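[1] any chance you could fold what I've pasted below:
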Amino acid sequence: MTFPVIISFYTRGTPYEDEVKNLIESCRKFDLTSEIEGIDSFGSWELNCAYKPFFILKMLEKHNRPLLWVDADGMFLKKPQWQEAFDSDLSVRFHEELEWGHPSKVITSTLFASPTREGKEIMRRWIHQTHEHLLDPHRKLEFWDQIALRDALCGWEGILEPMPLSYAKIFDHPSDCISAPEPVIEHYQASRRFKKRY
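    Residues are numbered from 1 along each chain as shown. From the prediction side, this is the model:
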């Protein structure tokens, strides 16, 4: 199988502009087709993160082929191969030990999206939930795009598969380090360092 197009975006004029260089270089190193765009900030970390489903849907419409979203702070450490999880409409990482309602149940740092009808539908549902969360006048918690996707998945009838941990490892997470000591994709959690700086 032809490997999916690697997609991502980063905000110009922020530390992510340097952070993404590792992702870009790793795509070149392993000869991966990629489209990684610089965008102007929407004004906050929350709003920039909220752009993710809009961008993925745009790329699905543009390329009409499978895509693999990788956050700008991620990089490939090994050449990736087609995974069984990619024979789906959507693949994301799940924390199996957490209840469905937990904000970290769904992790969107690496996400596979198919150009199927159902694959595009879940992006539209994710966009809808993003609007619902951001415009909620009673919202007190910080917006996370992964919570909006978790809510969008409720009632969705597409094919959903878990992303292999080796494709979505968090570099310093203790259990990740044990379970995926030699990852294909590793994420460096730049939001911990940068989200309050713009």
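[2] the helices in the protein, which residues?
    Applying DSSP state H to the chain gives helices spanning 16-29, 45-50, 52-63, 117-135, 145-153, 174-179, 191-194.
[3] which of those sits closest to F76?
    Distance to F76, taken as C-beta to C-beta, is lowest for helix 16-29 among these, at 3.9 Å. Every C-beta, even on glycine, is put in place using the N, C-alpha and C of the backbone.
[4] show me what that closest one is packed against.
    Identification of packing neighbours for helix 16-29 by 3 or more C-beta pairs under 8 Å, 6 or more residues apart in numbering; DSSP states H and E yields strand 5-11, strand 34-39, strand 74-76.
[5] now, of the ones you listed, which is deepest in the fold?
    Greatest average neighbour count among the helices and strands packed on helix 16-29 goes to strand 74-76 (a mean of 25), per mean count of other C-beta atoms under 10 Å.
[6] what is that strand packed up against?
    Against strand 74-76 (3+ C-beta pairs under 8 Å, 6+ apart) you get helix 16-29, strand 185-187.
[7] for the spatially closest residue to G13 that is not a sequence neighbour, give me its contacts.
    What sits nearest to G13 in space, not counting adjacent residues and going by C-beta to C-beta, 6 or more residues apart in numbering, is S41, at 7.0 Å. S41 is in contact with 11-14, 47-48, 198, counting by C-beta atoms under 8 Å, 6 or more residues apart in numbering.
[8] could I get those as CSV with distance to H131 and pLDDT?
    Below are the contacts of S41 laid out as CSV (distance: C-beta to C-beta, whole Å; pLDDT from 0 to 100):
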residue, distance to H131, pLDDT
T11, 20, 94
R12, 24, 95
G13, 26, 92
T14, 24, 91
L47, 12, 92
N48, 16, 93
Y198, 22, 50
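[9] just the buried ones out of those residues, please.
    Taking 16 or more other C-beta atoms under 10 Å as the criterion, what is buried in the contacts of S41 is 11, 14, 48.
[10] out of those residues, which is nearest to W69?
    Ranked by distance to W69 (C-beta to C-beta), these are led by N48 at 14.4 Å.
[11] if we can go back for a sec, and E37, which of the helices and strands packed on strand 74-76 is closest to it?
    With C-beta to C-beta as the measure, helix 16-29 is the member of those nearest E37 (9.8 Å).
[12] and the closest one, which residues are buried?
    Under 16+ other C-beta under 10 Å, the buried positions of helix 16-29 are 16, 19-20, 22-24, 26-27.
[13] show me the shaky parts of the protein.
    171-181, 189-198 (pLDDT under 70).
[14] and with 90 instead?
    1-2, 45-46, 95-104, 135-144, 165, 169-182, 188-198 (pLDDT under 90).
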